[in-house]
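Enquirer: any chance you can model this:
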Amino acid sequence: MNSVARRFQHLKQNSECALIPFITAGDPDLETTAKAIEVLAQNGADMIELGVPYSDPLADGPTIQAAATRALQKGVQLEDVLEVVKTVESKIEVPIILFTYYNPIYYRGVKSFLKQIKDAGISGLVVPDLPLEEAEVLLKPAAEMGIEVTLLVAPTSSQARIEAIAAKSQGFIYLVSVTGVTGVRSQMATDVKDLLADLHNTTNKPIGVGFGISNPEQAKQVKDWGADAVIVGSAVVKRLAEGTPESGLKAIAEFCHSLKQAILS
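Expert: Numbers count the residues shown, from 1 in each chain. Presented below is the predicted three-dimensional model:
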């Protein structure tokens, strides 16, 4: 199983910024999800964030919400998502980070859930509705099992809170670039540059920036501001959902390649 932290170490040695695309599992279908993971890994993705469809996704904007709704209407559940991961895990070299809300974890029991995702080949975990104050229930058993739980820093976080999150987060720190939900935006908030500088002064852990990055120019801008990773979700999900599954796969391959080229330059 590929470690998120080790992947970042390797990229740092080569002075590279990581590209982490996000897709919603099961949209348009599970077979396409498996192909999409392989396509992204072949076209510049350094890690892949895989979203588990959820009925009340508080952090997700309209594009990802719509994708999750379509997947849920087809009956896609966590177990189906993990079966997909099992089929592709041996074919790719990049870590897969599972993005899920806390309810499915609570429902299955923390240790049972962690064992389930580890056995499938998951390397990392992002749980957007798990506050720092309650994160220890997941962080400790996950660390013991070799699953890296990445915590989110919001633009509104106080310095004390940023320091506490940075100390606890595993793999990397997920800096949310905007106040609100995910989604494509026409330009990046300039305070991201200051937030990145503050975080780098607080920790030596890698920092990934997500929410709102929608084109290669924005990806390069965020990398130039000091991000160690660029996370792109809605813009990938939108392309994969348009047209036929084949045309969607072609679109995300080209888009992923263009993003990686932009942050290499």
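Enquirer: could you export the helix or strand containing Leu249 as CSV, CA atoms only?
Expert: Using DSSP states H and E, Leu249 sits within helix 245-264. The C-alpha trace of helix 245-264 is given here as CSV (Å, rounded to 0.1, in the frame of the first residue of the first chain):
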residue,chain,number,x,y,z
PRO,A,245,-18.4,7.5,-20.2
GLU,A,246,-15.8,7.2,-22.9
SER,A,247,-15.8,10.9,-23.7
GLY,A,248,-15.7,11.7,-20.0
LEU,A,249,-12.7,9.6,-19.5
LYS,A,250,-10.9,11.2,-22.4
ALA,A,251,-11.8,14.7,-21.0
ILE,A,252,-10.4,14.0,-17.6
ALA,A,253,-7.3,12.5,-19.0
GLU,A,254,-6.6,15.6,-21.0
PHE,A,255,-7.5,17.9,-18.1
CYS,A,256,-5.4,16.0,-15.6
HIS,A,257,-2.4,16.1,-17.9
SER,A,258,-2.8,19.9,-18.4
LEU,A,259,-3.0,20.5,-14.7
LYS,A,260,0.1,18.5,-14.0
GLN,A,261,2.0,20.3,-16.8
ALA,A,262,1.0,23.6,-15.4
ILE,A,263,2.4,22.8,-11.9
LEU,A,264,5.6,21.4,-13.3
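Enquirer: now do it, average pLDDT.
Expert: Model confidence over helix 245-264, given as mean pLDDT, is 98.
Enquirer: what of stretch 176-191?
Expert: Per-residue confidence for stretch 176-191 averages out to 56 on the pLDDT scale.
Enquirer: picking up where we left off before, on contacts alone, who are the packing partners of the helix holding Leu249?
Expert: Using 3 or more CB pairs under 8 Å, 6 or more residues apart in numbering; DSSP states H and E as the contact criterion, the elements in contact with helix 245-264 are strand 18-24, helix 30-42, helix 216-224, strand 229-232, helix 234-241. Any C-beta I mention is one placed from the backbone N, CA and C, and that applies to glycine too.
Enquirer: show me the strands in this structure, by range?
Expert: All strands of the chain, identified by DSSP state E, fall at 18-24, 48-51, 96-99, 124-126, 148-150, 152-153, 173-176, 207-210, 229-232.
Enquirer: the longest one: how far from the chain's middle?
Expert: Relative to its chain's centre, strand 18-24 lies at 5 Å (CA atoms, centre = their mean, to the nearest Å).
Enquirer: please apply the same query to the fourth one.
Expert: On the basis of CA atoms, centre = their mean, strand 124-126 sits 8 Å off its chain's mean C-alpha point.
Enquirer: cool, and stretch 79-89?
Expert: Averaging C-alpha coordinates over stretch 79-89 and over its chain gives two centres that are 17 Å apart (CA atoms, centre = their mean).
Enquirer: swap in stretch 97-112?
Expert: 16 Å.
Enquirer: which residues of the chain score low on pLDDT?
Expert: Judged against pLDDT under 70, the low-scoring parts of the chain cover residues 1, 57-60, 178-190.
Enquirer: tell me the contacts of Val127?
Expert: Counting by CB atoms under 8 Å, 6 or more residues apart in numbering, Val127 makes contact with 100-102, 105, 138, 149.
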